[in-house]
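K.L.:
sequence first, then the predicted structure, then my questions.
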Amino acid sequence: MAHSQSSDRGEGLKRDITPFQSFAVAFGFVSIATGIFTAYGVMLVTSGPMGIWTWPVVVIGQLMVAFIIGSLAARIPVTGYVYQWASRLTNPVFGWIMGWISFTFLAIVLVAVDYTIASTVLPVLLSYEGDAQNAWFITAGVILLQALMIAFSTRLTQKFNAIAVSIQLVGMISLVVLLFAVGYWQGELDFSNLLSTGLIPREGYFSLGSLTAAGPWVMGTLLGAFTIVGFEAAANLAEETREPARVVPKAMWQAVLSLGVIGMLFLIAVTALLGDPTNLQLSATPIADVINRVLGSLLGKALLLLVVISIFSCGLVILLSGTRLVWAMSRDERFPGWRLWRQVNTTLHTPVNATILVTVIGQLILAVFSQETDALFALFSAATLLPAIIYAVTVGMYALKRDALPPSQGGSVLGGGGLSGVG
């Protein structure tokens, strides 16, 4: 096993990611349009409309995590993020374990995110009845297209993702404004829904639950916990980012904060326009239903198109992050077949072999479970625990090794200088 501290240069990789592109990586992975569209219906069933108020709680918590990860990224701005931090702050074996946990999460969530396009969004957008077979083929095609973009040009990938994130920002803000304006004009805003529990009994609503079941309020936190993850992907491209110690920490906390504010306003608007919330608690696409009713089918289709763009961008960033993790671990000789995966194409300046590997693994996961959708969704659900493990370990390492951290290579406290004057 090689020494834990690899070179701090991305040999063969170009350092040309701009501050906005770094922000777009963090924003694109989180993708509130994807997360809220996918998880809002589940929240209505488990927590009722009032579950949206767990969103700011999760945002504040994840913002604190982003500050801590940013402090680490400012001190160890090396591709491989938690794998690198664990290796350097604890020992190579623990770093290897964290690298594999991160790789497992990225491989599974790549399939989970892209599968949403084929299984949930496109059937509604294009008005056809989806099945497991066509969902498999469409998802496989989406992953392949993302892989081709990443393999052939990091610059193209970053530019596309930046454009996609810009569309998401403009689209979500415009949607929020339209929902409030049209809802007010038509007299459909009902803010009492914001405190409604729907079909969920009020008695025991705020209880933590038992050893085998969480209380309704606690279940509501899954909306934010499912959505606001992945912002640390910006740190996984540190060696391709200009001034990473300064840029990456800011990109992460700014992404979480902007996503939190826009997401909360969107949740309030949609929830105030639910009408009778019990009528939509059984809908698979309650957000699309609300927008179709309030803004018309044309804007409803526009929302679904926005969701497709958001999901594709999210999957693109996930696959990109996965390839960089494999490349970083292979550079340190800690990934099976490392000699092959650590190579950077001298013409394209991308780790093509690592991209192929992650793509093939994603396709294998998809193929194995393609006809067993219940097992596939169970796998997706189980994988949502992995980010919590990664964040908990990262925060724990920071707390234990804070005094042993190297000096910050960045600037201000929020731009890479760390927390509470550490540095």
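P.N.:
Happy to help now that I have it. Small disclaimer: the values here were computed from a predicted structure and weren't measured. Numbering: from 1, shown residues only.
K.L.:
contacts for stretch 98-114 next, please.
P.N.:
Stretch 98-114 is contacted from outside by 34, 80-83, 86-87, 139, 142-143, 146, 230, 311-312, 314-315, 318-319, 321-322, 325-326, 329, 334-335, 358, 361-362, 365-366, 376, 379-380, 383, 386-387, 389-390, 393, using CB atoms under 8 Å, 6 or more residues apart in numbering. Using the backbone N, CA and C atoms, a C-beta is placed for each residue, glycine as well.
K.L.:
of those residues, which belong to helices?
P.N.:
Among the contacts of stretch 98-114, the members falling in helices (DSSP state H) are 34, 81-83, 86-87, 139, 142-143, 146, 311-312, 314-315, 318-319, 321-322, 325-326, 329, 358, 361-362, 365-366, 376, 379-380, 383, 386-387, 389-390, 393.
K.L.:
buried only: go through the residues you listed for me.
P.N.:
34, 81-83, 86-87, 139, 142-143, 146, 311-312, 314-315, 318-319, 321-322, 325-326, 329, 358, 361-362, 365-366, 376, 379-380, 383, 386-387, 390, 393 (16 or more other CB atoms under 10 Å).
K.L.:
quick one: residue 160 and residue 317 touch, right?
P.N.:
No. Contact criterion CB atoms under 8 Å: residue 160 and residue 317 do not qualify, at 10.5 Å.
K.L.:
looking at those two, which one has more neighbours?
P.N.:
Comparing residue 160 with residue 317 by neighbour count (other CB atoms under 10 Å), the higher total belongs to residue 317, at 32 against 18.
K.L.:
my guess is the more buried one contacts residue 30, does it?
P.N.:
No. The pair residue 317 and residue 30 does not pass the contact test of CB under 8 Å, sitting 9.2 Å apart.
K.L.:
now do the shared contacts for these two.
P.N.:
Joint contacts of residue 317 and residue 30 (CB under 8 Å, 6+ apart) are residue 230.
K.L.:
identify the residues contacting the host helix or strand of residue 353?
P.N.:
Using DSSP states H and E, residue 353 sits in helix 352-369. Residues from elsewhere that reach helix 352-369 (CB under 8 Å, 6+ apart): 106-108, 110-111, 115, 136, 139-140, 143-144, 147, 150-151, 319, 322-324, 326-327, 330, 337, 340-343, 345, 375-376, 379.
K.L.:
report the buried residues of that helix.
P.N.:
So helix 352-369, judged by 16+ other CB under 10 Å, has buried residues 352-355, 357-359, 361-363, 365-366, 369.
K.L.:
off-centre distance for it?
P.N.:
19 Å (CA atoms, centre = their mean, to the nearest Å).
K.L.:
restricting to C-alpha, output it in CSV.
P.N.:
What follows is helix 352-369, C-alpha atoms only, in CSV (Å, rounded to 0.1, in the frame of the first residue of the first chain):
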residue,chain,number,x,y,z
VAL,A,352,-10.9,8.1,-19.4
ASN,A,353,-10.3,4.7,-18.0
ALA,A,354,-11.7,5.6,-14.6
THR,A,355,-14.8,7.1,-16.3
ILE,A,356,-15.3,3.8,-18.2
LEU,A,357,-15.0,1.8,-14.9
VAL,A,358,-17.6,3.9,-13.0
THR,A,359,-19.9,3.8,-16.0
VAL,A,360,-19.7,0.1,-16.3
ILE,A,361,-20.3,-0.5,-12.6
GLY,A,362,-23.4,1.8,-12.8
GLN,A,363,-24.7,-0.1,-15.8
LEU,A,364,-24.1,-3.4,-14.0
ILE,A,365,-26.1,-2.2,-10.9
LEU,A,366,-28.9,-1.1,-13.2
ALA,A,367,-28.9,-4.4,-15.2
VAL,A,368,-28.9,-6.6,-12.2
PHE,A,369,-31.9,-4.9,-10.6
